[in-house]
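S.K.: Sequence isn't available, so here's the structure alone:
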DNA sequence: GTCTATATGTGGATAGAC
DNA sequence: GTCTATCCACATATAGAC
């Protein structure tokens, strides 16, 4: 049925439709989960936003939880990638500004992803228990060690690395998660690129200055 | 009916039960709204947590939206109070550490309130449109002016005040909103007071240092 | 004021025609 | 693969006995 010989060319390789629909659904689900969280999102809303019947969502993703995990894991992948690039051998004056810029850029380009993650944490993080329990603490420690190394090498002042990391996360993600409030405060309909640029520049100046990291 | 003469003393002034029950319901609602947001919270869950029949919730608060607004307005009141105390006449070296300590203390004492607010913002802030549209921008500007004054008076480096405010908010609220992640990173079952103290001290050092504010 | 029972809608999920 | 029709649990909200 799928490979009938002599059928007219459809220009759609096998699975093409599936790929298209899955993307439609995942994008729609990300939007809905970002605004209403897992419990607050209905499959009907996802279906309406994706422009497909509700039953199709269940066809592609077994159930609501499966769909949610699919969205979440996309985000987690995206998340950890950046932070792993920092190394103790680097010069913080060079890589920290880049890290801040990257995180701010994430807030600009993937605000929905950031919000789904934030929603999940606020909801108690029950769907991330594996992610958090396994070796998360070890991973975090190894990341904190990068800063400890910089401190030992006299590249920055003795600042508590864990709280510095929380500061980096909290201040950068704020521009995605609290965008509505930032918009209201600045009197803007939408956050344009210059806001993110100024944010990155200001955060870099304060944090590097506060850590006693001198840039050339 | 309410003031029958000769009724036996109940030791309960009129409205005492009402007051008690309203508090029970509001506390329960705050917990639920913090975890599941407006859409994701059911009146049954609130009732169960409050230990009252569902119909009673509807008796005290007309409907779900009324209950939600009651919870939200409590929080907003709590929120704005601190920030309004900063003045251009003050010495930032004195009042900024106090502001940071107060915000961190809020995250410790009222994490649920912080989360309800965060949830509402993530959900699009549709129930705060009045709060945000009215004179929020003006209020924010007047607050930013405090920092501008400090800059003009040479009390701190020329840092963009708006983004400095976002940094203060984002970094302090992080300890309430992302407590689960902070716990996982630090390997703690619960965040104890020393974590909040170290957080306040570290944030103060970085932010004041980064703004070029010297403390005695 | 309190609470059981219920009306009416929407939730997730699936059967089965096409 | 697609989509209508439908099942049943649970949602908000209220009626009405106590």
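M.R.: Cool, the structure landed. The model shown is predicted, which means the values in this text are computed figures rather than measured ones.
S.K.: what pLDDT does the closest residue to DNA strand D within chain A get?
M.R.: Of all residues in chain A, residue A:55 sits closest to DNA strand D, at 3.3 Å by CB to the nearest atom of the strand. Just so you know, the C-beta spots here come from the backbone N, C-alpha and C atoms, and that holds for glycine as well. pLDDT for residue A:55: 97.
S.K.: host element of it?
M.R.: Take DSSP states H and E as the rule and residue A:55 turns out to sit in helix A:54-60.
S.K.: what about the helices in chain A?
M.R.: Counting by DSSP state H, chain A has helices at residues A:16-40, A:43-50, A:54-60, A:64-83, A:92-109, A:111-122, A:129-133, A:136-152, A:161-177, A:179-186, A:193-210.
S.K.: quick one: the first one to helix B:16-40, angle?
M.R.: Think helix A:16-40. 170 degrees (axes from the mean of the first three to the mean of the last three CA atoms, to 10 degrees).
S.K.: What of the fifth one?
M.R.: What separates the directions of helix A:92-109 and helix B:16-40 is an angle of 90 degrees, with the same axes, to 10 degrees.
S.K.: How about helix A:92-109 and chain B, touching?
M.R.: No - Helix A:92-109 stays clear of chain B (CB under 8 Å from any CB of the partner chain), getting no nearer than 10.6 Å.
S.K.: So what touches that helix?
M.R.: With CB atoms under 8 Å, 6 or more residues apart in numbering or on different chains as the test, helix A:92-109 has contacts from A:78, A:82-83, A:85-87, A:113-114, A:147, A:150, A:155-156, A:168-169, A:172-176, A:179, A:191, A:193, A:196, A:199-200, A:203-204, A:207-208, A:211, A:213-216.
S.K.: near DNA strand C, from those residues?
M.R.: Among those, not one lies near DNA strand C by CB under 7 Å from any atom of the strand.
S.K.: Among the residues you listed, the buried ones, what's the ChimeraX command?
M.R.: Buried subset of the contacts of helix A:92-109, written as a ChimeraX selection, criterion 16 or more other CB atoms under 10 Å in any protein chain shown:
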select /A:83,86,113,114,147,150,155,156,168,169,172,173,174,175,176,179,191,196,199,200,203,204,207,208,211,213
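S.K.: still on that earlier bit, can you give the distance of the helix holding residue A:55 from its chain's centre?
M.R.: From the chain centre to the centre of helix A:54-60 is a distance of 26 Å (CA atoms, centre = their mean, to the nearest Å).
S.K.: ok, that helix near DNA strand C or not?
M.R.: Yes - Helix A:54-60 reaches DNA strand C (CB under 7 Å from any atom of the strand) through A:54, A:55, A:58.
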